[in-house]
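# build the 3D model from these lines:
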Amino acid sequence: MEEIQGMLMTKKELCEYLKCSVGTIDNLMKEGKIKYIKLGKMVRFDKQDINKTLGVMKIRGINVIKNNQLKRLQING
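Numbering: from 1, shown residues only. Predicted coordinates for the structure are as follows:
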């Protein structure tokens, strides 16, 4: 059981891991860009899935940008 727990992260742990806000995680979830496991009201993220997804996004040239960076791009663009 400990082995599985070490692989699953809470939303807060994922924010710390990716160094982004909860809002960014929520947006990525809504857009279907990251996989998650929902157990009742709990949401968990598989660290291996996240690493694979980020690797694919990097290869495809898709950047994960924080909301405030996106707003600056929209204002300047």
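# what is the longest strand of this protein by residue count?
strand 42-46 (DSSP state E).
# that one: partners in the sheet, and parallel or antiparallel?
strand 8-9 (antiparallel), strand 37-39 (antiparallel) (DSSP bridges).
# among the ones you listed, which is the most enclosed?
For those, the largest average neighbour count (mean count of other C-beta atoms under 10 Å) is found in strand 8-9, namely a mean of 18. The C-beta positions use only the backbone N, C-alpha and C, and glycine is treated the same way.
# what's the first helix or strand after that strand?
The first helix or strand that comes after strand 8-9 along the chain, using DSSP states H and E, is helix 11-18.
# just want the angle from that following helix to strand 42-46.
Inter-element angle recorded for helix 11-18 and strand 42-46: 30 degrees (by axes from the mean of the first three to the mean of the last three C-alpha atoms, to 10 degrees).
# dump the residue contacts of residue 34.
25, 28, 45, 49-50, 53 (C-beta atoms under 8 Å, 6 or more residues apart in numbering).
# show me the shaky parts of the protein.
Applying pLDDT under 70 to the chain flags residues 1-6, 56-77.
# ok, 50 please
For the chain, the stretches flagged by pLDDT under 50 are 1-3, 66-67, 69-71, 73-77.
# what ranges does it have for its helices?
2-7, 11-18, 22-30, 47-59, 67-76 (DSSP state H).
# dump the C-alpha coordinates for stretch 28-47 into CSV.
Coordinates of each C-alpha in stretch 28-47 appear next as CSV, following Å, rounded to 0.1, in the frame of the first residue of the first chain:
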residue,chain,number,x,y,z
LEU,A,28,-5.4,21.4,-17.0
MET,A,29,-8.0,19.0,-15.5
LYS,A,30,-10.9,20.8,-17.3
GLU,A,31,-9.0,20.9,-20.6
GLY,A,32,-8.2,17.1,-20.3
LYS,A,33,-4.5,17.8,-20.4
ILE,A,34,-3.7,15.8,-17.3
LYS,A,35,-5.1,12.5,-16.0
TYR,A,36,-6.6,12.3,-12.5
ILE,A,37,-8.3,9.7,-10.3
LYS,A,38,-11.5,10.8,-8.6
LEU,A,39,-12.6,8.9,-5.5
GLY,A,40,-15.8,10.5,-4.2
LYS,A,41,-14.7,14.1,-3.5
MET,A,42,-11.0,13.2,-3.5
VAL,A,43,-8.8,13.8,-6.5
ARG,A,44,-5.4,12.1,-6.9
PHE,A,45,-2.8,12.2,-9.6
ASP,A,46,-0.4,9.4,-10.6
LYS,A,47,3.1,10.8,-10.6
